[in-house]
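Colleague: 3D model of this:
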Amino acid sequence: MKMKKSICVLAAAVMAASMMTACGESDSSSESSAEPAQAQTQDQGGEEQAASKTATEMADELFNGIEYVDQLNPLSPEMIEKIYGIAADKYTDGKVYVGGVSTAEEIACFDAADEAAAADIKAACEARIAAQIKAVEGYNPDELPKLNDPVLIVNGNSVYMCLSNDNAKAKEIIG
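Modeller: As a prediction, the model looks like this:
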């Protein structure tokens with residue numbers, strides 16, 4: 001019963017965030033929770049392509065470069081903190097896009113304030129993925145492949161997460 005209530009609260013928060021952002025709010029992203037079972041994380045030593053772009057630019061490239069099933073909407077820094085648990089002082093630049101309640105599609109890109117903040121943001125993204133897995137298991141199991149094989153890349157102090165049907169394209173864009 002508690003799990004069902006948590007799922008409903010999470011779904012309501014995502015829906016509220018989607019409605020708020022559909023009216024024009026935008027910017028960063030992040031979350032906190034338990035680690036996903038199969039998060040695919042890559043640590044890369046500062047590739048030029050990714051390093052030359054801000055987190056906002058990277059999020060926008062992922063948004064424009066991949067075909068999504070759902071309409072993704074940007075989150076405000078306040079909603080990023082509420083949904084991801086990442087405080088604005090953890091990153092110097094960030095942007096998060098979330099879909100509606102029907103899909104697990106999501107983009108979260110951050111330029112962390114420092115190495116420790118990058119580790120915290122990565123953990124928050126892993127927690128977000130784990131929470132999404134629990135949420136969609138019961139109502140939309142077709143979304144599990146996105147969550148069981150997420151793109152989660154740490155490049156220096158930058159953290160990039162993309163949940164879509166096109167991991168190859170997401171990795172190509174990130175570099």
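
Colleague: shaky segments in the chain?
Modeller: Filtered on pLDDT under 70, the chain yields the residue ranges 1-51.

Colleague: quick one, helices of it?
Modeller: For the chain, the helices defined by DSSP state H cover 2-22, 48-51, 55-65, 77-84, 115-139, 144-148, 167-174.

Colleague: ok now the fourth one, how far from the chain's centre?
Modeller: Offset of helix 77-84 from its chain centre (CA atoms, centre = their mean, to the nearest Å): 11 Å.

Colleague: Now do that helix: which elements does it pack against?
Modeller: Contacts defined by 3 or more CB pairs under 8 Å, 6 or more residues apart in numbering; DSSP states H and E place helix 77-84 against helix 2-22, strand 91-98, helix 115-139. In short, each C-beta sits where N, CA and C put it, glycine included.

Colleague: show me what contacts the residue most central in space within the chain?
Modeller: What sits nearest the mean C-alpha location of the chain, by CA atoms, centre = their mean, is A108, with 3.4 Å. Listed by CB atoms under 8 Å, 6 or more residues apart in numbering, the contact set of A108 reads 29-31, 59, 84, 94-97, 125, 128, 159-162.

Colleague: of all those residues, which comes closest to G175?
Modeller: The closest of those to G175 turns out to be Y160 (CB to CB; 9.3 Å).

Colleague: pretty sure the closest one contacts P150?
Modeller: No. In this structure, Y160 is not within contact of P150 by CB atoms under 8 Å, at 10.6 Å.

Colleague: and A123, how far is that from I173?
Modeller: To I173, A123 is 23 Å away according to CB to CB, to the nearest Å.

Colleague: If I follow the layout properly, D89 ends up in contact with A113?
Modeller: Yes. Between D89 and A113 a contact is recorded at 6.7 Å, counting by CB under 8 Å.
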